[in-house]
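Kindly generate the corresponding structure for this input.
(one chain, ligands or ions: 1)
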Amino acid sequence: MFVLVNLKTYPCDPIEVAEAVSDVDDRTDARLAVAPQAAHLERVAETGVETWAQHVDPIEHGSNTGHALAESVADAGADGTLLNHSERRLKLADIDGAVRAAERAGLETVVCANNPAQIGAAAALGPDAVAVEPPELIGTGTPVSQADPDVVEDAVDAAAGVDEDVSVLCGAGISTGDDVVAAGELGAEGVLLASGVAKADDPAAALEDLVDPL
Ligand SMILES: O=C[C@H](O)COP(=O)(O)O
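Residues are numbered from 1 along each chain as shown. Just a heads-up that it's a prediction; the model follows:
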C-alpha cells in the first residue's frame, strides 16, 4: 500500500513529520511519502523521505508569476505531485496541462477527484494514479472506507474501465491502520491522508499505527 501524507497548511513541523515518516518507512513494506507546502519541499526532501508537491501549474518556463513550475518542484527534490486536490481544484484543461507538465519534469502524478464519475475522467488524462475523496468526509476522522465504501469500489471500477494502468488511492478521514486495511480490501492501492498525522499530538505514533497491520 502507498500511504501519502498531505501536510496541507497545518501548523505542524514538516521536518519532524518527514523524519518520522522516513523512520517508519525503514521498518515497513508499505510505501510512504509526504506532501509538504511548496516552501518546505527542499528541506523535507533533504531528510531522504519520498517527497510530493501538493500542486503544480500547467505552465512552462516563462512569464508566469506566482505559479508552481513542475521543473522547479522537481529541482527542489519532489518525486511526485498531487493535482486537483479538493482544496486546489483545477479546470479539466488545466488538470490535463498539469499532468503533462509533471510528466515533462519527471514527476509522478496523483489526480484527485470527488466521486467515481470524476475518477473516470481523471484516469482518461493518463496520470500514474487517481485519488477519490468525498469532500464532505475530509478532515472529519470518519474514514471513507467505512462511511462510503461503495465510492471506493466504484472508483476502482471506473478507473479500471478507462485505463487499468492507473492505480487508485482513496482518502478522507483515514487515520488508523484498520482504515488503511479496509481501503485495500475495497481495491485501493493506497491512501491519501492528512489530519490523522499532521494534526496528531505524536505524528510518529500515528504513523506507526497506520502501517502496523500492513
Ligand atoms: O489530502 C488529504 C485529504 O484531503 C484527506 O484529509 P484528511 O485525512 O484530513 O481527511
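
right, and Asn84 touches Thr109 too?
No - Asn84 is beyond contact range of Thr109, at 9.9 Å (criterion: C-beta atoms under 8 Å). Where C-beta positions appear, they are placed from N, C-alpha and C, glycine not excepted.

where does this protein have its least confident helix or strand?
Taking mean pLDDT, DSSP states H and E as the measure, the helix or strand of the chain with the lowest value is helix 144-147, at a mean of 91.

Enumerate the residues of this protein near the ligand.
By C-beta under 6 Å from any ligand atom, the residues of the chain that approach the ligand are 6, 85-86, 133, 138-139, 171-174, 192-196.

May I ask which of the residues you listed has the most neighbours?
Ile174 (31 neighbours; other C-beta atoms under 10 Å).

Can you name every helix or strand that the least confident helix or strand of the chain contacts?
With contacts taken as 3 or more C-beta pairs under 8 Å, 6 or more residues apart in numbering; DSSP states H and E, helix 144-147 sits against helix 149-162, strand 167-171, helix 177-185.

Pull out the buried residues from that helix.
Neighbour counts over helix 144-147 (16 or more other C-beta atoms under 10 Å) mark Val144, Ser145 as buried.

can I get the CA coordinates of that helix in CSV?
C-alpha atoms of helix 144-147 as CSV (Å, rounded to 0.1, in the frame of the first residue of the first chain):
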residue,chain,number,x,y,z
VAL,A,144,-14.3,7.0,3.5
SER,A,145,-13.8,3.2,3.6
GLN,A,146,-16.4,3.0,6.4
ALA,A,147,-18.8,5.9,5.6
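
Now do it: everything it contacts.
Applying C-beta atoms under 8 Å, 6 or more residues apart in numbering, the set of residues contacting helix 144-147 from outside is 132-134, 137, 151-152, 170-174, 179, 182-183, 185-186, 188.

tell me the helices in this protein, going along the chain?
14-25, 41-45, 70-75, 92-104, 116-123, 144-147, 149-162, 177-185, 195-198, 203-211 (DSSP state H).

Now do the last one against helix 177-185: the angle between them, please.
When axes from the mean of the first three to the mean of the last three C-alpha atoms, to 10 degrees is applied, the directions of helix 203-211 and helix 177-185 differ by 40 degrees.

what angle sits between helix 203-211 and helix 14-25?
Using the same axes, to 10 degrees, helix 203-211 lies at 40 degrees relative to helix 14-25.

Can you tell me what sits against helix 203-211?
Under the criterion C-beta under 8 Å, 6+ apart, residues 3, 5, 12, 16-17, 20-21, 23-24, 28, 30, 32, 175-177, 180, 193, 196-197, 200 lie in contact with helix 203-211.

Buried residues, that helix. List them.
Buried residues in helix 203-211, defined by neighbour count with 16+ other C-beta under 10 Å: Pro203, Ala204, Ala206, Leu207, Glu208, Asp209, Leu210, Val211.

Tell me the gap between that helix and the middle of its chain.
The chain centroid and the centroid of helix 203-211 are separated by 17 Å under C-alpha atoms, centre = their mean, to the nearest Å.
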